[in-house]
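J.: Structure for the following, please:
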Amino acid sequence: MKFALLLYVALATAGVFGESEKKERKPPTSLQIGILKRVPAAKCTRKTKKGDKLSMHYTGTLWSGEKFDSSLDRNSPFEFVLGQGQVIKGWDNGLIDMCVREKRKLIIPPALGYGDQGAGGKIPGGSTLVFTVELLDIVGEAKDEL
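T.: Okay, the predicted model is just below:
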């Protein structure tokens with residue numbers, strides 16, 4: 001009988017702790033930059049800076065995990081000039097000092113994304129965005145001789 005009671009208490013406690021782990025994590029309130037694929041220093045001869053034209057592949061999701069866009073789905077890299085306001089502030093800030101072929105994960109709070117207005121009917125106002133990005137090229141940059 002004592003064993004059954006002990007087993008019940010152990011399972012009930014595990015259930016309580018399991019439920020707390022299932023609760024949704026709160027999104028960060030500042031830009032978070034994670035490196036998913038590093039490029040060795042010897043192979044990174046140039047890092048991105050403001051004014052560079054970048055060619056990127058990306059996948060964007062809401063904090064919930066729902067995908068809203070991906071250049072990979074279109075098999076068409078996205079090009080823009082870094083630091084010129086052509087993209088959301090989270091990208092302009094989160095893609096500085098990146099090496100070609102580097103992959104990053106950006107978690108972008110609403111203030112650095114689309115704010116309270118949202119975008120395109122797919123991104124509600126106040127959304128925290130998660131982007132997986134890969135720098136394919138710094139466009140117009142001289143290539144090393146082979």
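J.: Quick one: residues contacting residue 134.
T.: Going by Cβ atoms under 8 Å, 6 or more residues apart in numbering, residue 134 touches 37, 56-58, 101-103. The way it works is simple: take the backbone N, C-alpha and C, and place the C-beta from them, glycine included.
J.: ugh, typo on my part, it should be residue 95
T.: Shown in contact with residue 95 (Cβ under 8 Å, 6+ apart): 48, 54, 56, 82, 104, 106, 133, 135.
J.: Tell me the helices and strands packed up against the helix or strand harbouring the third one.
T.: To tie it back to what came earlier, the one meant is residue 56. Applying DSSP states H and E as the criterion places residue 56 in strand 53-62. Other helices and strands packing on strand 53-62, by 3 or more Cβ pairs under 8 Å, 6 or more residues apart in numbering; DSSP states H and E, are strand 67-70, helix 71-74, strand 78-81, strand 129-139.
J.: Is it correct that residue 61 is in contact with residue 68?
T.: Yes - here residue 61 lies in contact with residue 68, judged by Cβ atoms under 8 Å, at a distance of 6.7 Å.
J.: Which pLDDT value belongs to the closest residue in space to residue 88 that isn't next to it in sequence?
T.: Distances taken as Cβ to Cβ, 6 or more residues apart in numbering place residue 113 nearest to residue 88, at 5.2 Å, with adjacent residues excluded. pLDDT recorded at residue 113 is 98.
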